[in-house]
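Chemist: After the sequence you'll find the predicted model.
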Amino acid sequence: MAKKRILSGMRPTGKLHLGHFAGALENWVRLQDEYENFHMVANWHALTTGFEKNLDIRQNILDMTIDWLCAGIDPEKSLIFVQSDVPEHAELHLMFSMLVTSARLERNPTLKEVIKDLHLGENISYGLLGYPVLQAADILIYKANAVPVGEDQAPHIELTREIARRFNNLYGQTFPEPVALLTPFSRLPGTDGNRMSKSVGNTIQLADEPDQIKKKIMSTITDPQKIHISDPGHPEICTVFTYHKKFNPGEIDQIERACRSGKLGCVADKKNLIKKITDFLSPMREKRRILESNISQVEEILQDGAGKARVIARETMDQVKEAMQIR
Ligand code: TRP
């Protein structure tokens, strides 16, 4: 039986951190064998906010693609490409924009979050409003069956389904209604205990060198009530413990017991974690060195991915144009 197809995307924000890894990338890598995977760098979506200062988009694309490859996205199994290299996405976005009302887009809860986070007020571009319509085009142009996303993106998948349904009703069965594959809850906090985010400066990057990892973990917050080794700790509020859960699951019970009973101090605990995270990232570091000295290979992977994606995108566009009587 043919494998089901997945389309996943990320905006090129530059080098990725452990939060991206735990929240998305790890899941993508896992899904590679079960599904046919399309991984897209959403560079047009990156323009919907902060386009005034997006001078690094090209470099960010390379940095992010390298991180994907280092984390285990395998170009032999999966297509990796840049959204704007398949301009058919924009064409389908235009067609779809007829099938959605602006009121529907204004109700999008993810948009409301962005407006609040970025203090946009009334200053919302036509492009930002249409963000999920472009996302629907990204997904449906490949007739993807599933989309691995975090909870915040679920409303966009819902809208994608609505657009698919509306198109099918008006013009005949063309698109599947894709489902969201929600990432198993695994939001990794930043070193300060808040959401890990580049803008906050509390990240550990996949590309960090051992001395950077050491510095960051040594300053990661633990349980403020645990001052001496003998003080009983509270792992449930400790960020270092959360990291152990993710990167050192084998020792988790033992660490919890030793911490609670005042036998394990935070410094020793952190040193152990530093080794685990450093070891975890070390194969990626090796791979990165090779790729960074061979950027043309990375470019080739993106070109090759776009070429293959485009064949499928064109087929879909032919059907859409036929259905909508656009030559
Ligand atoms: N909106 C997604 C995000 O911010 C990125 C994205 C663009 C995407 N197009 C997509 C995700 C298509 C999945 C499918 O994370």
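Modeler: Yes, it's here.
Chemist: so is the residue in the stretch 1-150 of the chain that the ligand sits nearest to in a helix, a strand, or just coil?
Modeler: Closest residue of the stretch 1-150 of the chain to the ligand, C-beta to the nearest ligand atom: Gly9 (2.9 Å). Yep, even glycine has a C-beta here, placed from its N, CA and C like the rest. Gly9 carries the three-state label strand when classified by DSSP: H, G, I helix; E, B strand; the rest coil.
Chemist: Just give the number of residues close to it.
Modeler: 20 (other C-beta atoms under 10 Å).
Chemist: tell me the pLDDT at it?
Modeler: Listed pLDDT for Gly9 reads 97.
Chemist: isn't it right up against Asn43?
Modeler: No - checked against C-beta atoms under 8 Å, the pair Gly9 and Asn43 is beyond contact range at 10.0 Å.
Chemist: any common contacting residues for those two?
Modeler: Common neighbours of Gly9 and Asn43, counting by C-beta atoms under 8 Å, 6 or more residues apart in numbering, are Gln83.
Chemist: Pull the contacting residues for Leu7.
Modeler: Taking C-beta under 8 Å, 6+ apart as the test, what Leu7 contacts is 38, 40, 138-139, 142, 144, 147, 178.
Chemist: just these that are near the ligand?
Modeler: Contacts with the ligand within the contacts of Leu7, counted by C-beta under 6 Å from any ligand atom: 138-139, 147.
Chemist: Please identify which of those is nearest to Gln303.
Modeler: Distances from Gln303 to the ones next to the ligand among the contacts of Leu7, taken as C-beta to C-beta, are shortest for Asp138 (18.7 Å).
Chemist: Wait, a helix at that closest one?
Modeler: Yes - the assignment for Asp138 by three-state DSSP puts it in a helix.
Chemist: Relative to Leu111, how far out is it?
Modeler: 17 Å (C-beta to C-beta, to the nearest Å).
Chemist: For those two, work out which one has more neighbours and name it.
Modeler: Asp138 (27 against 20).
Chemist: Low-confidence regions, the stretch 1-150 of the chain specifically.
Modeler: Scanning the stretch 1-150 of the chain with the threshold set as pLDDT under 70 gives 54-55.
Chemist: now the strands for it?
Modeler: Remark: strands assigned in the stretch 1-150 of the chain by DSSP state E, counting those that start in this stretch are 5-10, 36-41, 79-82, 146-149.
Chemist: Reformat these as a markdown table; add distance to Glu322.
Modeler: Listed next are the strands of the stretch 1-150 of the chain as a markdown table, based on distance: least, C-beta to C-beta, whole Å:
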| stretch | distance to Glu322 |
| --- | --- |
| strand 5-10 | 22 |
| strand 36-41 | 23 |
| strand 79-82 | 25 |
| strand 146-149 | 26 |
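Chemist: Which of the ones you listed sits closest to Ile290?
Modeler: Proximity to Ile290 (C-beta to C-beta) singles out strand 79-82 among these, at 16.6 Å.
Chemist: in the closest one, what counts as buried?
Modeler: Buried residues in strand 79-82, defined by neighbour count with 16 or more other C-beta atoms under 10 Å: 79-82.
Chemist: Contacts only, for Ile139.
Modeler: 7, 147, 157, 160, 178.
Chemist: ChimeraX command to pick out the buried ones of the residues you listed?
Modeler: In ChimeraX, this line selects whichever of the contacts of Ile139 come out buried by 16+ other C-beta under 10 Å:
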select :7,147,157,160,178
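Chemist: Out of the contacts of Ile139, which comes closest to Asn272?
Modeler: Val147 (37.3 Å).
Chemist: how about the closest one, what does it touch?
Modeler: Contacts of Val147 (C-beta under 8 Å, 6+ apart): 6-8, 139, 153, 157, 160, 178-181.
Chemist: now do 10 Å
Modeler: If you count contacts by C-beta atoms under 10 Å, 6 or more residues apart in numbering, Val147 has them with 5-9, 135, 138-139, 153-154, 156-157, 160, 178-182.
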